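Student: Here's a sequence, model it:
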Amino acid sequence: LIYARLLGYLMLESPSDESRDYITYEIIRCDGDNDRMNRLAKLYQDHLLRPFEEERLMYSSPVEPAPNDHTQAKKAVSWLYIRRRVKIHSSKTLRRDGYRCMVTGVFDGNYCESLSPVELQATSPLPSATGPTNACYIFPLSMNMDLEPEEEGHPTTHDAGTVWGIIGRFSGIWIEDELNGEKLHRLSNIMTMTMGTRAMFDGLSLWFEENTLDTYNVCATLAGILINLPPVVTFATTDPALALPDKRYLKLHAIVCRVAWMSGASEYMRRYDAEHEERKFLARDGSSAEFLTTKLQRAVLAR
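Tutor: Numbers count the residues shown, from 1 in each chain. Model prediction:
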């Protein structure tokens, strides 16, 4: 039932006629076969919804590599490089956003602490609330981390290519052209948010629907999430050379949130993950096949 609803909402929420036609064509190709339609729905669940819903592992500390563990050492080096790139672009994003969360208006605590009392009093608007902020990536870092495009058959490249293809055909946003490598750190893909706001955005519980130019309605899966948030936000830049979040990226994120929520896929994925989190062995009767496939796909994307 979840998979049937997922396909239905993908059609309803398609961002363009071309996208809707493509989804419809793929469903028709299933020729009424329930198994084929379930596989199609799972393909979109794992390669369109999950990449946005995934916990952003890049912000947690890496496991210290064991001696002679070259693979883990490579991951640690890659992680440190990404942390440096995120920090550099976080500074630019903070400057663009006036050192505030783009949603709540909370000022970045580190920035306020760096100001002298005179500078703080001269700040406009005067900070009424401060706290830690993060650089929130609309398209997460895991979408193109640790790829080996020159290595034929490399699993991370193959699986990411599937994600890129599905996202491109559905949204018209081709990651390989717009967000590959260093391009993922473009300011149009980053927003300054408080940690709590970012957690809801990353968890597909919070999204933005375009109202007018650079103005968005703040939407959420639960009314309680919106209690301390403004109903409408307008994004502005302190420097015209610093690009604002791309409305196409925000639109796709909003579609993914709505599809995952209304179809029940978001709750299904979380419940499924919770039930299988402690599983250490595979069943002998083959009933663990879906679990194994999902784990392998997620591990590949998080590498």
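Student: Can you name the next helix or strand after the helix or strand harbouring residue 39?
Tutor: Using DSSP states H and E, residue 39 sits within helix 34-44. Using DSSP H and E, the helix or strand that follows helix 34-44 in sequence is helix 50-53.
Student: List the contacts of that following helix.
Tutor: With CB atoms under 8 Å, 6 or more residues apart in numbering as the test, helix 50-53 has contacts from 139-140, 142-143, 163, 167, 202-204, 253, 256-257, 260, 266, 269, 297-298, 301. Placement of C-beta: from N, CA and C, glycine included.
Student: Pull out the buried members of these.
Tutor: By neighbour count, with 16 or more other CB atoms under 10 Å, the contacts of helix 50-53 hold 139-140, 142-143, 163, 167, 202-204, 253, 256-257, 260, 266, 269, 297-298, 301 as buried.
Student: For the helix holding residue 39, enumerate the helices and strands it packs against.
Tutor: On a contact count with 3 or more CB pairs under 8 Å, 6 or more residues apart in numbering; DSSP states H and E, helix 34-44 meets helix 2-12, helix 17-29, helix 155-171.
Student: what do you get if the cut-off is 10 Å, keeping everything else the same?
Tutor: Packing contacts for helix 34-44, counted by 3 or more CB pairs under 10 Å, 6 or more residues apart in numbering; DSSP states H and E, involve helix 2-12, helix 17-29, helix 155-171, helix 265-276, helix 289-301.
Student: quick one: low-confidence ranges for the stretch 201-303 of the chain?
Tutor: Low-confidence segments of the stretch 201-303 of the chain, defined by pLDDT under 70: 276-303.
Student: Spell out the residue ranges of the strands in it.
Tutor: Remark: strands assigned in the stretch 201-303 of the chain by DSSP state E, counting those that start in this stretch are 206-212, 215-220, 232-234.
Student: Let me know the pLDDT of the spatially most distant residue from the centre of the chain.
Tutor: In terms of distance from the mean C-alpha position of the chain, residue 118 ranks first, at 39.0 Å (CA atoms, centre = their mean). Per-residue pLDDT puts residue 118 at 88.
Student: ok, now residue 160?
Tutor: The model reports residue 160 with a pLDDT of 58.
Student: for residue 95, same thing?
Tutor: Confidence score, pLDDT, at residue 95: 93.
Student: residue contacts, it?
Tutor: 111, 187, 192, 237, 238, 239, 242 (CB atoms under 10 Å, 6 or more residues apart in numbering).
Student: Farthest pair within these?
Tutor: For the contacts of residue 95, the farthest-apart pair by CB to CB is 111 and 187; their separation is 17.4 Å.
Student: nearest residue to residue 234 other than its sequence neighbours?
Tutor: Of all residues not flanking residue 234 in the chain, residue 215 sits nearest, at 4.5 Å (CB to CB, 6 or more residues apart in numbering).
Student: Tell me the spacing between that neighbour and residue 209.
Tutor: 10 Å (CB to CB, to the nearest Å).
Student: Then residue 118?
Tutor: Separation of residue 118 from residue 209 (CB to CB): 41 Å.
Student: swap in residue 91?
Tutor: Distance from residue 91 to residue 209, counting by CB to CB: 29 Å.
Student: Residue 180 too?
Tutor: Distance, residue 180 to residue 209, by CB to CB: 27 Å.
Student: With residue 222 instead?
Tutor: Applying CB to CB, the value for residue 222 to residue 209 is 16 Å.
Student: Between the two, which has more neighbouring residues?
Tutor: residue 209 (15 against 11; other CB atoms under 10 Å).
Student: Tell me who's in contact with that one.
Tutor: By CB under 10 Å, 6+ apart, the neighbours of residue 209 are 216, 217, 218, 219, 232, 250, 251, 254, 255, 257, 258.
Student: most surrounded residue in those?
Tutor: residue 257 (27 neighbours).
Student: Go ahead and confirm that one touches residue 203.
Tutor: Yes - using CB atoms under 10 Å, residue 257 is in contact with residue 203, at 9.2 Å.
Student: residues shared between the contacts of those two?
Tutor: By the contact definition CB under 10 Å, 6+ apart, residue 257 and residue 203 are jointly contacted by 52, 53, 221, 266.
Student: Show me the two of those residues that sit farthest apart.
Tutor: 52 and 221, at 14.0 Å, using CB to CB across the shared contacts of residue 257 and residue 203.
Student: what sits in contact with each of these two?
Tutor: Contacts common to residue 52 and residue 221, judged by CB under 10 Å, 6+ apart, are 203, 204, 257, 260.
Student: For the second one, give me phi and psi.
Tutor: Backbone torsions for residue 204, taken as degrees, to the nearest 10, come to phi 70, psi 20.
Student: dump the residue contacts of it.
Tutor: 49, 52-53, 221, 253-254, 256-261, 265-266, 269-270.
Student: Chain neighbours aside, what residue packs nearest to residue 20?
Tutor: Using CB to CB, 6+ apart and skipping the chain neighbours, the partner closest in space to residue 20 is residue 14 (3.8 Å).
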